[in-house]
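Trainee: prediction below, plus the sequence it came from.
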Amino acid sequence: MDLFKGLLFNLRGLVLGLRTPRLLVLGMMRFLIVVGLALFFSGVILFWHQEVLNFVWTMPESGFLFFLWQAVSWLLSVFLAGVACLFSYLVAQIFFCVFLMDTMSRITERMVTGVESGPRHVSALTMVVHLLLQEIPRAFIPLAAMVVLIILGLLTPFGPVIALISSLVATTFLAWDNTDLVQARRLDPFQVRFSKFKRTLLFHMGFGLWFLIPWVNIIFLSFAPVGGTLYAIENKKNQNLADNENVSGNKFR
C-alpha cells in the first residue's frame with residue numbers, strides 16, 4: 001500500500017506542477033538544465049560503453065552468443081543512459097537546482113496551506129547553504145555509492161543484480177531528497193528526519209520508482225519537489241490530528 005501511495009504522490013506532484021504556471025516554469029528550468037547535462041553525460045558514457053562491455057565480456061565472433069552479446073549491449077546502453085540521467089541530476093542539484101527545489105516547495109506549501117514553513121530569522125544565503133549541505137546524505141552519497149557498486153558489479157557475475165539493488169536504494173534516497181524539503185526548511189534535526197525516512201522506506205521506494213525509467217525520470221525528477229511537499233503536508237496534517245486525538249483522550253481520563 002505504501003509503495004503504491006509513493007507512486008501516486010509523485011504522479012500527483014507532476015500533474016499539479018504541469019497545471020500551475022509558476023511551478024511549470026520552475027520545473028521546466030530544472031528539466032532543461034538536467035536534460036542538457038544528461039545529453040552531455042550520456043554522450044560520454046555511451047561513447048565508452050562498448051569498451052566497458054568488452055572488458056566484462058569480449059564480443060563473440062558468431063552464433064547464438066553473438067546475438068546474446070548484442071542484446072546485453074543494448075540493455076547496457078539503456079541502463080547507462082539512466083545512470084547518466086541520475087548523475088546529471090546530482091550535478092544539477094549541487095550547482096543549480098537546490099534553490100529551485102526549495103522555491104517550488106515553498107510555492108506548493110503556500111498553495112495548499114496558505115502559509116510557508118521555515119524560520120524567519122535565517123538569511124537566504126544561510127538557508128541555501130543549509131539546503132546544499134542536506135544534499136550530501138540525501139543525494140550525493142547514495143548516488144556516488146550506486147555508481148561505485150555498479151562499476152564493481154560489472155566485474156562479477158552478479159553485476160545486473162547489484163546494479164538493480166543499488167539503483168533502487170539510490171532512487172529511494174532521491175525520493176527522500178524531495179519529501180524532506182519542508183522538514184529541512186523548518187530546521188528539524190537530521191536524526192529526527194532520517195528516523196522518519198527509515199519508517200517510510202516502502203513509500204519512498206514507490207515515490208522513486210519513476211526515477212528508474214530512462215528519460216521519463218528527468219520529467220519526474222524536475223517536478224518531484226511538488227509531490228514531496230504534498231506528502232510532507234499530508235504527513236504533518238495526520239500527525240497534528242493524531243496529537244489532537246491524544247490530547248482529547250487524555251482530558252477524559
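Mentor: Cool, got the structure.
Trainee: mind checking the pLDDT average for the strand or helix carrying residue 30?
Mentor: For residue 30, the host element (DSSP states H and E) is helix 21-56. Helix 21-56 carries an average pLDDT of 80.
Trainee: again, but for stretch 190-207
Mentor: Taken as a whole, stretch 190-207 has a mean pLDDT of 92.
Trainee: now do the same end-to-end measure for it.
Mentor: Stretch 190-207 has an end-to-end distance of 21 Å (criterion: Cα to Cα, to the nearest Å).
Trainee: returning to that earlier point: just the buried residues of the helix holding residue 30, please?
Mentor: Under the neighbour-count criterion of 16 or more other Cβ atoms under 10 Å, helix 21-56 has 23, 26-27, 29-31, 33-35, 37-38, 41-42, 45, 49, 52-53 buried. (Glycine included, C-beta is placed from N, CA and C.)
Trainee: equivalent analysis for stretch 185-205, please.
Mentor: So for stretch 185-205, counting by 16+ other Cβ under 10 Å, buried means 185, 193, 196, 197, 200, 201, 203, 204, 205.
Trainee: repeat that for stretch 90-105.
Mentor: Buried, per 16+ other Cβ under 10 Å, within stretch 90-105: 90, 91, 92, 93, 97, 98, 100, 101, 102, 103, 104, 105.
Trainee: for that stretch, measure first residue to last.
Mentor: 18 Å.
Trainee: what's next to it, contact-wise?
Mentor: 17, 23, 26-27, 29-30, 33-34, 37, 41, 127-128, 131-132, 135, 139-140, 143, 177-178, 181-182, 185, 223, 225-226, 228-229 (Cβ atoms under 8 Å, 6 or more residues apart in numbering).
Trainee: helices or strands up against the helix or strand encompassing residue 174?
Mentor: Assigned by DSSP H and E, residue 174 falls within helix 159-179. On a contact count with 3 or more Cβ pairs under 8 Å, 6 or more residues apart in numbering; DSSP states H and E, helix 159-179 meets helix 64-92, helix 141-153, helix 201-209, helix 216-251.
Trainee: quick one, which of those helices is packed in tightest?
Mentor: Compared across the helices and strands packed on helix 159-179, helix 201-209 shows the largest average neighbour count, a mean of 22 (mean count of other Cβ atoms under 10 Å).
Trainee: now it: how far from the chain's centre is it?
Mentor: Counting by Cα atoms, centre = their mean, to the nearest Å, helix 201-209 is centred 10 Å from the centre of its parent chain.
Trainee: got a list of contacts for it?
Mentor: With Cβ under 8 Å, 6+ apart as the test, helix 201-209 has contacts from 2-7, 9-10, 168, 171-176, 178-179, 197, 224, 227-228, 231.
Trainee: could you check the angle helix 159-179 makes with that helix?
Mentor: Between helix 201-209 and helix 159-179, the angle comes out at 100 degrees (axes from the mean of the first three to the mean of the last three Cα atoms, to 10 degrees).
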